[in-house]
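J.: Structure of the sequence below:
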Amino acid sequence: MPSSTGFERGSGLEEKMARAAEEAGRGLSRRAFIASGVAVGVGAGAGLGPFGGAVSALASKPSSTKLSKGDAAILRFLATAEILETDFWQQYNELGGIQDSEVPGGSGSAPYIKALEELDEDMPQYIHDNTEDEFTHFTFLNAYLESRGREAVDLSEFATLPSSEATGAQQIGRLTNLMELTVDTSWWTRYRSHTKNPDLGDTFAQAVPDLAEGEHPAIPRSNKDLMPKNHIQAIANTAGFHFATIEQGGTSLYPALAQRTNDAEALRVVLSIGPTEAMHFQTWQDKAGNAPAITDPSTGLEFPNLKESSDEELKANLIMPEPCPFLRRSLPIVSIVRPTNTEGIAMGVVEFLSAMGLFKGQSKGFFEALKQLASEADAAKRHG
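T.: As a prediction, this is how the structure comes out:
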């Protein structure tokens, strides 16, 4: 199956890499970096296939100090998470975003885009920009790892899952599966609660209970999914909630792992990328609240009317994090990201994404590699 980079060998990649490396020496904008083709596709920034030297070429001279094993493990797990995010955001962009020199690949699906625009008319632009951000996150993290004497993350051998057969999608190997998702929407009530915090053992109700049961496509699996109207709308609604579900996870992951990071520069990397995940989450939870209240005639999947809810923990316009207990219930409530407990966070992320169905169809080797990366990150300890 073709590589998820979407490029074939002998397509002028060596020339692109050389040009990108030359530009890196004098500074390279995000737009130019991605447009060069070096960061396009999951394999591109991870040292895969014909891109074997891409990360080394773009990394600055190694620091005089090699990253500790623990700090490297943290950044490698974050790079892994960003590679996986890039893989599924690319799938979303191919069908529902904007395909251009910044985020190439695919040709769009007009019915799917129209359904997404029911949540917000700018959804294609937001999907495009989120996809571009994830490209740069994993490419930077891998380049930084190599610049500090550590190995970049390479998941190319596991890009074997099938693509959507809907018109507009590239037919390439994927790392993730967006066609059989079970979406946890408890973050909706978690961020609206004044009295509870998952770090203190609290649990939360689902905003869309039906999404937390069964398996639901978030992209059209084929052109058959484009009708009837409420069926493709249910798929777009599922995507809208999945966007926020993923990005709230990243919003918690970065501060949780920052607590284990020792090197000052590596900590700066974690603290600088992490807040962009929160920006993504804030955008997507706002858009999810606009999801039309419908029932899928094909599956029975029901989306409630959150905009009309009188329940304080379900109201669609309460998108700012409500103050809640933090650290100890004896302290005053405070508006925070939650959860941020660092214990077992990486393995928790792997289990969360696996339970979602994001890796359905993946190999035993994939899960073993993912768990190994997670266990190494969770074993990292902060000194002093």
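J.: Could you list the buried residues of the helix or strand hosting residue 351?
T.: Using DSSP states H and E, residue 351 falls within helix 345-355. Buried positions in helix 345-355, judged by neighbour count with 16 or more other C-beta atoms under 10 Å: 345, 346, 347, 348, 349, 350, 353. All C-beta spots, glycine's among them, are computed from the backbone N, C-alpha and C.
J.: Low-confidence ranges, this protein, go.
T.: Applying pLDDT under 70 to the chain flags residues 1-64, 384.
J.: so how far is residue 245 from the nearest residue to residue 325 once chain neighbours are set aside?
T.: Nearest residue to residue 325 in three dimensions, chain neighbours excluded: residue 197, at 5.0 Å (C-beta to C-beta, 6 or more residues apart in numbering). The gap separating residue 197 from residue 245 is 18 Å, by C-beta to C-beta, to the nearest Å.
J.: before we move on, what about residue 332?
T.: 29 Å.
J.: In terms of neighbours, single out the busier of the two.
T.: Neighbour tally, residue 332 and residue 245, criterion other C-beta atoms under 10 Å: the higher count belongs to residue 245, 24 against 7.
J.: Give the next helix or strand downstream of whichever helix or strand that one is part of.
T.: For residue 245, the element it lies in under DSSP H and E is helix 229-258. Tracing the chain past helix 229-258, the next element assigned as helix or strand by DSSP H and E is helix 264-288.
J.: ok, and what's touching the helix holding residue 351?
T.: 77, 81, 84, 182, 184, 249, 252-253, 256-257, 359, 367, 370-371, 373-375, 377-378 (C-beta atoms under 8 Å, 6 or more residues apart in numbering).
J.: and the very next helix or strand once past it, what other elements does it pack with?
T.: Later in the chain than helix 345-355, the nearest helix or strand by DSSP H and E is helix 364-379. Applying 3 or more C-beta pairs under 8 Å, 6 or more residues apart in numbering; DSSP states H and E, we find helix 364-379 packed against helix 69-96, helix 345-355.
J.: Buried ones in the longest one, by neighbour count?
T.: Neighbour counts using 16+ other C-beta under 10 Å place 70-96 of helix 69-96 among the buried residues.
J.: Help me confirm that residue 290 comes into contact with residue 307.
T.: Yes - Residue 290 lies in contact with residue 307 (C-beta atoms under 8 Å); the separation is 7.4 Å.
J.: what is in contact with the two at once?
T.: Common neighbours of residue 290 and residue 307 are listed as residue 316 (criterion: C-beta under 8 Å, 6+ apart).
J.: For residue 216, what are phi and psi?
T.: When read as degrees, to the nearest 10, the backbone of residue 216 gives phi -130, psi 140.
J.: Distance-wise, check it relative to residue 312.
T.: In this view, residue 216 and residue 312 are 27 Å apart by C-beta to C-beta.
J.: can you check residue 350 too?
T.: According to C-beta to C-beta, residue 350 and residue 312 sit 33 Å apart.
J.: what does residue 68 give?
T.: Look at residue 68 and residue 312: by C-beta to C-beta, they are 45 Å apart.
J.: So these two - more neighbours on which side?
T.: Using other C-beta under 10 Å, the more surrounded residue of residue 68 and residue 312 is residue 68, with 18 against 12.
J.: quick one: the more buried one from residue 135, how far?
T.: 27 Å.
J.: Equivalent analysis for residue 86, please.
T.: Residue 86 sits at a distance of 6 Å from residue 135 (criterion: C-beta to C-beta).
J.: and if you look at residue 261?
T.: With C-beta to C-beta as the criterion, residue 261 and residue 135 are 23 Å apart.
J.: Could you do residue 98 as well?
T.: For residue 98 relative to residue 135 (C-beta to C-beta), the value is 14 Å.
J.: the more surrounded of the two?
T.: Taking other C-beta under 10 Å, residue 98 and residue 135 do not tie; residue 135 has more neighbours (28 against 17).
J.: What are the buried residues along the host helix or strand of that one?
T.: Residue 135 is part of helix 123-147, with elements assigned from DSSP H and E. Within helix 123-147, the residues that qualify as buried are 123-124, 126-147, counting by 16+ other C-beta under 10 Å.
J.: Also stretch 149-161?
T.: So for stretch 149-161, counting by 16+ other C-beta under 10 Å, buried means 150, 152, 153, 154, 155, 156, 158, 159, 161.
J.: Ramachandran coordinates for the last one?
T.: Pointing back at residue 161 there. When read as degrees, to the nearest 10, the backbone of residue 161 gives phi -70, psi 150.
J.: Pull the number of nearby residues for the nearest residue to it once chain neighbours are set aside.
T.: Using C-beta to C-beta, 6+ apart and skipping residues adjacent in sequence, the residue nearest residue 161 is residue 174, 4.3 Å away. The tally of other residues near residue 174 (other C-beta under 10 Å) stands at 24.
J.: quick thing: my sequence starts at 44, can you match it?
T.: All set: I'll call the first residue 44, so the last point we hit is now residue 217.
J.: Which neighbouring residues are in contact with residue 217, exactly?
T.: So residue 217 contacts 47, 130, 131, 134, 202, 203, 204, 205, 206 (C-beta under 8 Å, 6+ apart).
J.: Rebuild the residues you listed as CSV, extending it with distance to residue 270.
T.: Converted to CSV, the contacts of residue 217 look like this (distance: C-beta to C-beta, whole Å):
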residue, distance to residue 270
47, 29
130, 28
131, 24
134, 21
202, 31
203, 30
204, 25
205, 22
206, 21
